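>>> give me a 3D structure for the following:
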Amino acid sequence: MAKYEVNKAAVEHAKRLIDSRQYVLDSEWGEVQPGAEAQNAFLEKHPWEEYSHWHLGLTVGANDETKARYAFVYGDLRRLHRTGLIACVYRASEWRHKDVELAAHELLQLLDAKSG
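Residues are numbered from 1 along each chain as shown. Take a look at the predicted model:
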């Protein structure tokens, strides 16, 4: 099983999105989660560093600037989605990636407090 560390830059990016109200509170994550085509289109116009900011997890041992390096996407590459954070909490919890789970949970709590 892959091991993940928390992507601190992504956590900070998510906090900035919350502070600037760039989020969606109600969405169907399965419909808005960026698929391979959306990710490829994003990478055609944006650097890998910006792509990394949308993923709360970094795969230990994977090369930078590969999709395999980044995990636990929480937004649609434009806005943070509450359901994306919930999915991150759930998946990280399910596979016992405690640090990522807690980071996603803390972001979810921050979003809920700010969005009232």
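
>>> all strands of the protein, in order?
Assigned strands in the chain, in chain order: 4-6, 23-24, 55-59, 70-73, 80-81 (criterion: DSSP state E).

>>> so what's Arg91 up against?
Phe72, His97 (CB atoms under 8 Å, 6 or more residues apart in numbering). Every C-beta, even on glycine, is put in place using the N, C-alpha and C of the backbone.

>>> same question, Asp99
Contacts of Asp99 by CB under 8 Å, 6+ apart are Tyr4, Glu5, Val6.

>>> which ChimeraX command selects the buried ones in the residues you listed?
In ChimeraX syntax, the buried subset of these is picked out as below (16 or more other CB atoms under 10 Å):
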select :4,6
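
>>> and which of the contacts of Asp99 is nearest Leu56?
Of all those, Leu56 sits closest to Val6, with 6.6 Å by CB to CB.

>>> that closest one contacts Thr59, correct?
No - assessed by CB atoms under 8 Å, Val6 is found out of contact with Thr59, at 11.9 Å.

>>> thinking again about what came up before, make CSV from the strands of the chain and add distance to Gly116 and mean pLDDT to it.
As requested, the strands of the chain are exported to CSV (distance: least, CB to CB, whole Å; pLDDT from 0 to 100):
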stretch, distance to Gly116, mean pLDDT
strand 4-6, 27, 98
strand 23-24, 13, 98
strand 55-59, 23, 98
strand 70-73, 25, 98
strand 80-81, 16, 98
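
>>> would you turn those strands into CSV with distance to Leu110?
Below are those laid out as CSV (distance: least, CB to CB, whole Å):
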stretch, distance to Leu110
strand 4-6, 15
strand 23-24, 11
strand 55-59, 13
strand 70-73, 16
strand 80-81, 10
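
>>> identify the residues contacting stretch 54-63?
By CB under 8 Å, 6+ apart, stretch 54-63 touches 2-7, 10-11, 13-14, 34, 52, 68-75, 77, 88, 92, 97, 100, 103-104, 107.
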